[in-house]
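Visitor: Give me coordinates for this.
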Amino acid sequence: MVLKSARRGSVDPFIVMEVLREANRRSAAGESILHLEVGQPSTPAPLPVRKAAQRALETDLIGYTDALGLPALRTAIARHYRDFYGVDVPVERIVVTTGSSAGFLLSFLACFDPGDRVALASPTYPCYRNILQVLDIEPVLLPMTAETKFQPTAAILERNDLTDIAGLIIASPSNPVGALIAPDEQRRLTDLCRRRGWRLIADEIYHGITYEQRAATMAAFNDDAIIVNSFSKYFSMTGWRLGWLVVPPALLQQIERLQQNLFISPPGLSQHAAVAAFDAHDELQRNVQRYAANRSILLNELPAAGYGKLVATDGAFYVYADVGDLTEDSVGFAQRMLAQTGVAVTPGVDFDPERGKHFLRFSFAGSTEDMVEAMRRLRQWRR
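Guide: Numbers count the residues shown, from 1 in each chain. The predicted model follows:
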C-alpha cells in the first residue's frame, strides 16, 4: 500500500538553506568556505542578552508564557517604538512570536482565506510566497525593476490590472536588495491599500541596519497594517527564534487563539533574555558599523571581479548583482563558484523564479576579513 502524501507538503525549497548545507558539507570536509549566502549576523547575541539568559536559567522555571508573550517583553517592545521611532504603539497591540516566520504564518492565517490572492513585489523573500502557497493562498508576483530598486510603488500598482487582491506584502529594507521605501511612498501605499480594501503586511525585520538614512516604521502611517519584526537581524539573535507583530486591535483575539493552538507561546528563555536586547544599542551599532564597512568593500570590489551591475543597498546586509552577461543559470553559476573558489552565494531564483537566473545575492553579514578574502578569490577566479 502506498501511503498518501499531502499536496500542501509540496513546497518549493528555500534555496539559500540548500546552499548553506552544501557549504557546510564542504567545510566539514576541510575546504575553506566563506559564507556570503546566508543572511545571518556573524556576531553572537549582545552581552546583556546572554547575561539575562544566564540569570533566567538560574532563577526562572522557563515554562510557558502568555500566548501573546511575556508582559515585560511586550512592554519593552512598545517602549522601543517610542524611543527608536517616536511612535506610540500600545502594548496591547504587540504579539511576541517564534521568529518572524511564525509571525508571517499567524498574519497570513488571520488575514486571508484559501483562494485569496496576495500581491508582492518580485524579487522578494521566498518564504512569503512559499508559506502563502502552503495555505492555498495565491501569491501574485509583481516584477519590479532596478529603477525603483525593485521596490513597489503606488503608481506602479495603480497601473497594474490587479483584481480580486486581498492584501499586499512589502518589506523595507527588502531582501534580497536591501532597498528602503521612503516615508512618502509608504503613505501612498497605505492610501492605496485603504482605497482598494487590501490588508497591508509590512516586513521590518531589517530595521536598525541602515546606512544613509533610517527606516520609517509603518506604525507611523497605518494602524490597520500588520507589522512583522524580529530579534534575528539587528539584535543578532537568529537562533533564539524570537520576533514580534504589531497588529490591529480587531485581529488581536484571532491571532492570540492561533498562537495558543499552533505554538502555545514563544520560547520562554529567549523572551526573558530579549528584554535586555533594548539595552544593547551601543554594541549593536558597532555591528552596523562593520556591516557598513563590508558594504563598501563589496560595492567597490565586486565590479573588479566582474559583477558591475549592482543595486546600492540602503539597508540590511545584501548586494543584489545582475550577472546576466555571465550566465543564464544562476544556480549552476553559484555551484561552480562554491566548488572553485569556496565562496558561497545565493542564486537569484530563490527570490525571483523568472528573472532570478540572471542574478546573485551576496550577503556581507560576515567578518570584514571574510569579505576582503572573498573579493580576492573572486577577482582571481575572473582572471
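
Visitor: would you put the C-alpha positions of stretch 157-167 in PDB?
Guide: Once non-C-alpha atoms are left out, stretch 157-167 reads as follows in PDB (Å, rounded to 0.1, in the frame of the first residue of the first chain):
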ATOM      1  CA  LEU A 157       0.400  49.200  -8.500                       C
ATOM      2  CA  GLU A 158      -2.200  51.600  -9.800                       C
ATOM      3  CA  ARG A 159      -1.200  50.800 -13.400                       C
ATOM      4  CA  ASN A 160      -1.300  47.000 -12.900                       C
ATOM      5  CA  ASP A 161      -4.600  45.300 -13.500                       C
ATOM      6  CA  LEU A 162      -4.900  43.900 -10.000                       C
ATOM      7  CA  THR A 163      -8.200  42.300  -9.500                       C
ATOM      8  CA  ASP A 164      -9.500  40.300  -6.500                       C
ATOM      9  CA  ILE A 165      -6.500  41.100  -4.400                       C
ATOM     10  CA  ALA A 166      -6.900  40.600  -0.700                       C
ATOM     11  CA  GLY A 167      -3.600  42.000   0.500                       C
END
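
Visitor: tell me which residues of that stretch are tucked away?
Guide: Along stretch 157-167, the positions that meet the burial threshold by neighbour count (16 or more other C-beta atoms under 10 Å) are 157, 162, 165-167. Where you see a C-beta, it was placed from the backbone N, CA and C, and this is true even at glycine.

Visitor: Relative to the whole chain's centre, how far out is that stretch?
Guide: Distance of stretch 157-167 from the chain centroid (C-alpha atoms, centre = their mean, to the nearest Å) equals 24 Å.

Visitor: Run through who's touching it.
Guide: Contact with stretch 157-167 is made by 111-113, 116-119, 140, 142, 168, 189, 192, 196, 198-201, as judged by C-beta atoms under 8 Å, 6 or more residues apart in numbering.

Visitor: Which ones among those residues lie within strands?
Guide: When DSSP state E defines the strands, the subset of those inside them is 117-119, 140, 142, 168, 199-201.

Visitor: Identify the residue nearest the residue nearest the centre of the chain in space, chain neighbours excluded?
Guide: Compute the mean C-alpha point of the chain, and by C-alpha atoms, centre = their mean the closest residue is Ile205, 5.4 Å away. Once its chain neighbours are removed from consideration, Ile205 has its nearest residue in Ser230; the separation is 4.1 Å (C-beta to C-beta, 6 or more residues apart in numbering).

Visitor: can you pull the buried residues of the helix ranked longest in the chain?
Guide: Taking DSSP state H as the criterion, the chain has its longest helix at helix 281-301. Applying a neighbour-count criterion of 16+ other C-beta under 10 Å, one finds 281, 283-284, 287-288, 290-291, 294-295, 298, 301 buried in helix 281-301.

Visitor: One more: stretch 233-253?
Guide: Neighbour counts over stretch 233-253 (16+ other C-beta under 10 Å) mark 233-238, 240-248, 251-252 as buried.

Visitor: quick check: mean pLDDT across that stretch?
Guide: Taken as a whole, stretch 233-253 has a mean pLDDT of 97.

Visitor: Please apply the same query to stretch 339-347.
Guide: For stretch 339-347, the per-residue pLDDT averages 95.

Visitor: just the CA coordinates of that stretch, formatted as PDB?
Guide: Included here for stretch 339-347 are C-alpha records, laid out as PDB according to Å, rounded to 0.1, in the frame of the first residue of the first chain:
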ATOM      1  CA  ALA A 339      33.300  24.500  -5.800                       C
ATOM      2  CA  GLN A 340      36.100  26.500  -7.400                       C
ATOM      3  CA  THR A 341      36.500  29.400  -5.000                       C
ATOM      4  CA  GLY A 342      34.900  28.400  -1.700                       C
ATOM      5  CA  VAL A 343      32.700  31.500  -1.800                       C
ATOM      6  CA  ALA A 344      29.100  30.600  -1.100                       C
ATOM      7  CA  VAL A 345      26.400  33.000  -2.500                       C
ATOM      8  CA  THR A 346      22.700  32.600  -3.200                       C
ATOM      9  CA  PRO A 347      21.300  32.300  -6.700                       C
END
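
Visitor: Please enumerate residues in contact with it?
Guide: By C-beta under 8 Å, 6+ apart, stretch 339-347 touches 15-16, 19-20, 22-23, 26, 31-38, 176, 330-331, 333-334, 337-338, 356-357, 359-363, 374, 377-378, 380-381.

Visitor: Among those, name the buried ones.
Guide: Among the contacts of stretch 339-347, those classed as buried by 16+ other C-beta under 10 Å are 15-16, 19-20, 22-23, 26, 33-38, 176, 330-331, 333-334, 337-338, 356-357, 359-363, 374, 377-378.

Visitor: returning to what we had before: please convert the buried residues of stretch 157-167 to TSV, extending it with pLDDT and secondary structure.
Guide: Converted to TSV, the buried residues of stretch 157-167 look like this (pLDDT from 0 to 100; DSSP: H, G, I helix; E, B strand; the rest coil):
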residue	pLDDT	secondary structure
Leu157	96	helix
Leu162	90	coil
Ile165	97	strand
Ala166	98	strand
Gly167	98	strand
